[in-house]
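In: Fold the following.
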Amino acid sequence: MPYEIPLKVLVIDPNHDSVNILLRELQSVDSVILAHRVESLEQAGKVLAESDINAIFINPLSVELDSASDFIFTIREESPEIVFVLYIDTALAEQNRAEFYRGERKRFLHYFWLRFLHYLWREPHTEIEERAENQLYDWWLSSHLKY
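Out: The predicted model follows:
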């Protein structure tokens, strides 16, 4: 890749098992220079105030959907340079599709997604790394280059 954006990642999820797998994968990616985990939105707010985070992986179903949605949309408005990745069990989201995409949350359809655990186990690490870096690089180019 011609340009790598150093990633400072915050993972928000109280589920220890899935987060440990995700953190291990993130820490093995050369462009990830920080990978920090918190269990709550309150803790996330403190980390964001103290760190220069540029990517947030969040499982909105594990921290209460309405609160997670408010947090995501507030951060997106205040800091649009931060990329959000919905780290989620897509089957569970689809079971509750009407509620999950209700109102402003319909915007989640346009967010980056990382399928909860299944994604990490089905595809080789190098493919995950390449896809994530390419998507983040494309996003960065589209949001920072002025024509």
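In: What sits closest to Val19 if chain neighbours are left out?
Out: Sequence neighbours aside, Asp13 is the residue nearest to Val19 in space, at 5.0 Å (criterion: Cβ to Cβ, 6 or more residues apart in numbering). (Glycine included, C-beta is placed from N, CA and C.)
In: And the helices in the chain?
Out: 16-27, 41-50, 65-78, 90-95, 97-100, 118-122, 125-144 (DSSP state H).
In: The residue nearest to Val19: what's it in contact with?
Out: 19, 22, 37, 39, 57-59, 62-63, 87 (Cβ atoms under 8 Å, 6 or more residues apart in numbering).
In: Looking at the residues you listed, which is nearest Ile75?
Out: Nearest to Ile75 among the contacts of Asp13, counting by Cβ to Cβ, is Ile58 at 9.6 Å.
In: That closest one - how many residues pack around it?
Out: Counted with other Cβ atoms under 10 Å, residues neighbouring Ile58 total 24.
In: Wait, it touches Ile82, no?
Out: No - counting by Cβ atoms under 8 Å, Ile58 does not reach Ile82; the two are 11.0 Å apart.
In: Out of the contacts of Asp13, grab the one that's most surrounded.
Out: Among these, the one with the most neighbours (other Cβ under 10 Å) is Tyr87, at 27 neighbours.
In: Can you list the low-confidence ranges for this protein?
Out: Applying pLDDT under 70 to the chain flags residues 1-3, 116-147.
In: try it again with 80
Out: By pLDDT under 80, the weakly predicted segments of the chain are 1-4, 16-18, 89, 115-147.
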